[in-house]
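Asks: build me a model from this:
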Amino acid sequence: MGAAGMRNPRGLRMKLKYQKYYIILFTIILVGVITTGLFQFWPHSIDSEQNQHGYMIRDLSSLTEVQIPSTLPVPEKGDITCRHHSCLNVYKCGEVNKITVYIYPLRKYVDDNGIPISGQMSREFHEVLSAISESQYYVSDPERACLFVPALDLLNQNMLRVHEMGQVLGQLSRWSGGTNHLLFNMLPGTIPDFNTVLDVPKGKAVVAGGGFSTWTYRPGFDVSIPVFNPEVAKIQLPSISDSAPRKYLAISAQMGIHSDYRADLDSIAAVDDKFLVLDKCQEESITKLCHGNKQYKYPHVLQEATFCIVLRRSRLGQAALSDALQANCIPVVISDSYVMPFAEVLDWQRAALIVEEERLMELPSILSKISPQRIQSMLRQGRFYWQKYFKSMRDITLTTLQVLNDRVFPYNGKSYEYWNEPTPRVGVTSPLFAPVIPPKAQGFTAVVLTYNREQSLFTLITQIALTPSLTKILVVWNNQDKQPPAVEKWPKINKPLKVVQTKANKLSNRFYPYDEIETEAILAIDDDIMMLTPDELEFGYEVWREFPDRIVGYPGRLHVWDDKTSKWKYESEWTNDISMVLTGAAFYHKYFSYLYTHKMDKEIKTWVDEHMNCEDIAINFLVANYTGKPPIKVTPRKKFKCPQCTNTEMISADLKYMEERSECIGVFEKVYGMMPLKTVPFRADPVLYKDNFPDDLKRFPSIGSL
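Replies: Residues are numbered from 1 along each chain as shown. Got it, this is the predicted structure:
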């Protein structure tokens, strides 16, 4: 007991000693937590500047004021000739497969008298800046930027001092004539002209505008965006089925349309109660429209119609288009020369009807002929567009940036399916029968079959690389005894070039669906077809886009029945009738490569590979059999001989070769059990190609002669 009594006081002193340390440590931790909380959550003002966390937009009442003297120069009004490769410096876009966007700091700009040049920022433009700053594209360092966005609300030109705003743009630190600058505008023009593009002097800046016409839109440079209606977009509409019956065939629900259009619509509605024409009520309201004395709730009334008429007013771009999509009503756009929103990537034929203004009175006939199946498909497509691209300023902004990103990095761009296929996909639709025009932005892949003619191959590659819509060149090296030339020997071009070496020398190799082919359009071309100009190739691609289920090309041929021999004969003379277009120079859909490789009768493929002949005739049989349609010859050129090749070098100069081509037509007919080839006296030529007009007025001035 005594020993224990001696130890207790010491243990108590030790315990009290360490307890003090614990209290001090706990106090320090508590003070740190409280201090951190105060800095984190205590209300404080943060100026709108870039920092390490991003672009902060908090306090708009304490912006730095910048005076703009009236003597400052004004930028150029705008370069209408600007295109992606002429006015955008892509060398600033150094990030891998991603554009970078810098936002200038917010400032309050005033004139010499201290009067504000820029008005109060709209909620919509605030959403634009927020969307950019929160996106994957935003950078706070201007040295890393590919695009520059001025923090100037240009959405509504009615609210702008046009001249002074141009001076503000011109004094921006990195303006440089507007190169690599992006301006957002939704309502261009003012009374009385209502121009279809922003009137602020903008130099070479890219404009994301709502209301472009084909006269002011710079293809591949500007971005056409929708006119957003924030007051209507925030309204929650009930969900309705695509197959649900609707009271009206079509509704016109726009105020302020031209009196002539109003009279035409009234005359239609007077004899057809399936048409409803609405106008403003005596007490104007954005959510109420009237027909006579009867009121209708807007935009709810749009859900009662299958089609919603969207007419031009003072401006080409109308919020009625977005309202129709929101209400899941098929837009009928009647606005000549209007560039549809995001037309570069969205296939509007799947979601809307585009009707010429002069055909307004034909609407009952036009709309009544749309099948129920197509109506349901268009309703689904329109709902998809609204949900993904149109429902908010954030979606519109991010879609704009994605379009620009696809231009700068086209080989990492989003596919047609990404932009246009609703998810989940319904069924499987063959591209043969899809009622769409393949997007021009996707371009085409040139597939060149070659064996041993290096010089003509290199000349061909150099020439076709000049075609604007060419995306990639794929060389199919069909010689197994010789390796392709070394890398340094190939021509230096501005398009990707890929070489694949085949395992066997077969003509069918040109139609194999290689993984390297990422476009819908394929240009099959021989290594000795060096006479086609870039204009001829570009025009051929344009025609193919209109007819993607056909072979569209240049060397036309004909099959004829020979009464003397009672056999089919291959005719290569210069006739006006054609039933085949040879794939020595022709566009076709990549789907047919799949059919040729995996679905075509093996007897035909075996015959082609054994005789080293007739692969082009075989694919003409294949396409005609699947579609029931003839090919299309484009441009007047009929001579396709290699100017540097002698007859001994050209396989087609062999008489036996020509006889075999007549023979293979008979063989293929027996395999098919019929003759699928269709004869047509038709050729597609560019507009004005023979007319006596200056070349700069022709879209395709360099079209070769016969």
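
Asks: quick check: chain neighbours aside, which residue is closest to Ser122?
Replies: Asp153 (5.5 Å; C-beta to C-beta, 6 or more residues apart in numbering). Yep, even glycine has a C-beta here, placed from its N, CA and C like the rest.

Asks: gap between that neighbour and Ser593?
Replies: Taking C-beta to C-beta, to the nearest Å as the measure, Asp153 falls 50 Å from Ser593.

Asks: cool, and Val680?
Replies: With C-beta to C-beta as the criterion, Val680 and Ser593 are 24 Å apart.

Asks: what's the answer for Leu88, then?
Replies: 34 Å.

Asks: still on that earlier bit, from what I can see the residue nearest to Ser122 touches Ile117, true?
Replies: No - Asp153 lies out of contact with Ile117 (C-beta atoms under 8 Å); the separation is 11.2 Å.

Asks: so where do the helices sit in the stretch 351-500 of the chain?
Replies: 363-368, 372-385, 393-408, 416-420, 454-464 (DSSP state H, counting those that start in this stretch).

Asks: burial measure for Asn328, as a count.
Replies: 21 (other C-beta atoms under 10 Å).

Asks: in what helix or strand does it lie?
Replies: Secondary structure from DSSP states H and E places Asn328 outside every helix and strand.

Asks: spit out the contact partners of it.
Replies: 240, 242, 303, 379, 382-383, 386 (C-beta atoms under 8 Å, 6 or more residues apart in numbering).

Asks: just the buried ones from those residues, in PyMOL syntax?
Replies: With 16 or more other C-beta atoms under 10 Å as the criterion, this PyMOL line picks the buried residues out of the contacts of Asn328:
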select buried, resi 303+379+382+383+386
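
Asks: turn the contacts of Asn328 into CSV, including distance to Thr462 and pLDDT.
Replies: Output for those, formatted as CSV (distance: C-beta to C-beta, whole Å; pLDDT from 0 to 100):
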residue, distance to Thr462, pLDDT
Ile240, 57, 89
Asp242, 51, 86
Gln303, 57, 96
Leu379, 49, 95
Gly382, 45, 96
Arg383, 47, 95
Trp386, 46, 97
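
Asks: check the contacts of Asn328 against Leu183 and report the nearest one.
Replies: Nearest to Leu183 among these is Trp386, at 25.0 Å by C-beta to C-beta.

Asks: hang on, isn't that closest one packed against Leu325?
Replies: Yes - assessed by C-beta under 8 Å, Trp386 is found in contact with Leu325 at 4.0 Å.

Asks: deepest-packed of the helices of the stretch 351-500 of the chain, please.
Replies: helix 393-408 (a mean of 22; mean count of other C-beta atoms under 10 Å).

Asks: okay, Val680 and Ser593: which has more neighbours?
Replies: Ser593 (20 against 15).

Asks: which SSE is that one in?
Replies: Here Ser593 is assigned to helix 590-598, by DSSP H and E.

Asks: mind saving the C-alpha coords of that helix as PDB?
Replies: What follows is helix 590-598, C-alpha atoms only, in PDB (Å, rounded to 0.1, in the frame of the first residue of the first chain):
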ATOM      1  CA  LYS A 590     -19.300   2.500 -98.300                       C
ATOM      2  CA  TYR A 591     -22.300   0.200 -97.600                       C
ATOM      3  CA  PHE A 592     -21.800  -1.200-101.100                       C
ATOM      4  CA  SER A 593     -18.200  -2.200-100.200                       C
ATOM      5  CA  TYR A 594     -19.700  -4.300 -97.400                       C
ATOM      6  CA  LEU A 595     -22.300  -5.900 -99.800                       C
ATOM      7  CA  TYR A 596     -19.600  -6.600-102.400                       C
ATOM      8  CA  THR A 597     -17.300  -8.200 -99.900                       C
ATOM      9  CA  HIS A 598     -19.700 -10.100 -97.700                       C
END
